[in-house]
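Visitor: coordinates for the following, if possible.
(one chain, ligands or ions: 1)
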Amino acid sequence: MAVVSLKVSIISLTCCAGCVSSFLNAGEALLEILSGDFDIVYSPTFVDLKEIPEVDLAIVEGGVRTEADEKLIKEVRAKSRILVALGICATHGGITSLGNLSSVKKILEKEYSLPVSRELPELEDLMYPICNFVDVDYYIPGCPPMPFLIVHSLKSIVSGKAPIRHQSVVCTECHR
Ligand code: SF4
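Guide: Model prediction:
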């Protein structure tokens, strides 16, 4: 019987892109889901498609720092059945929210020397996790999440099984 693949989009908001890189580092486990369960139809990293498509599953890394991020995450939510926040920037604001310690004006003065070029994106007042703007179905923590955790969690989500429940404290499984 033919396998029915889920249509998947991978979205990057304001972030370092380390979470998607970690996903791509999952090796054989990644190949396994790409050849069976997942059909990645949108990802600026490796699919040449400009329009955000309707999908079964959207995987989102990064948080909301710009007006463009806010518009994008709302469109992604409207076009996805399940939305997964991948990594701490998406789930809580992450390291990028260290910018919240300064005002937008101070950041621009320090980093870009006012007056600022009009080509800079319009910034929100703070860096926000995506749940401030849309409903999130699942959260995968980490900075970045370990590759095995990403793949296992995504497989659990699409198969309706409970994800890994860690029996030990944070950091004990990390190879670092
Ligand atoms: Fe980068 Fe960490 Fe944010 Fe992922 S959670 S995008 S690795 S800073």
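
Visitor: can you name the residue of the protein nearest to the ligand?
Guide: Nearest residue of the chain to the ligand, counting by CB to the nearest ligand atom: Gly18, 2.7 Å away. C-beta: built from backbone N, CA, C; applies to glycine.

Visitor: ok, the closest residue to that residue other than its chain neighbours - contacts?
Guide: Using CB to CB, 6 or more residues apart in numbering and skipping the chain neighbours, the partner closest in space to Gly18 is Pro144 (4.4 Å). Contact analysis of Pro144 by CB atoms under 8 Å, 6 or more residues apart in numbering lists 18-19, 21-22, 87.

Visitor: out of those residues, which is most surrounded?
Guide: Gly87 (30 neighbours; other CB atoms under 10 Å).

Visitor: so which residues of this structure form strands?
Guide: Assigned by DSSP state E, the chain shows strands spanning 6-12, 38-42, 55-61, 64-66, 80-86, 123-128, 138-140.

Visitor: deepest of those strands, which one?
Guide: Compared across those, strand 55-61 shows the largest average neighbour count, a mean of 25 (mean count of other CB atoms under 10 Å).

Visitor: so where is this structure shaky, pLDDT-wise?
Guide: The chain contains residues with pLDDT under 70 at 1-4, 113-118, 164-170.

Visitor: tell me the centre residue of the chain?
Guide: Glu61 (1.5 Å; CA atoms, centre = their mean).

Visitor: what parts of this structure come near the ligand?
Guide: 15-16, 18-19, 61-62, 87-89, 94-95, 143-144 (CB under 6 Å from any ligand atom).

Visitor: rerun that using 5 Å as the cut-off
Guide: Neighbours of the ligand within the chain, by CB under 5 Å from any ligand atom: 15-16, 18-19, 61, 87-89, 94-95, 143-144.

Visitor: of the residues you listed, which belong to helices?
Guide: Among the residues of the chain next to the ligand, the ones falling in helices (DSSP state H) are 18-19, 88-89.
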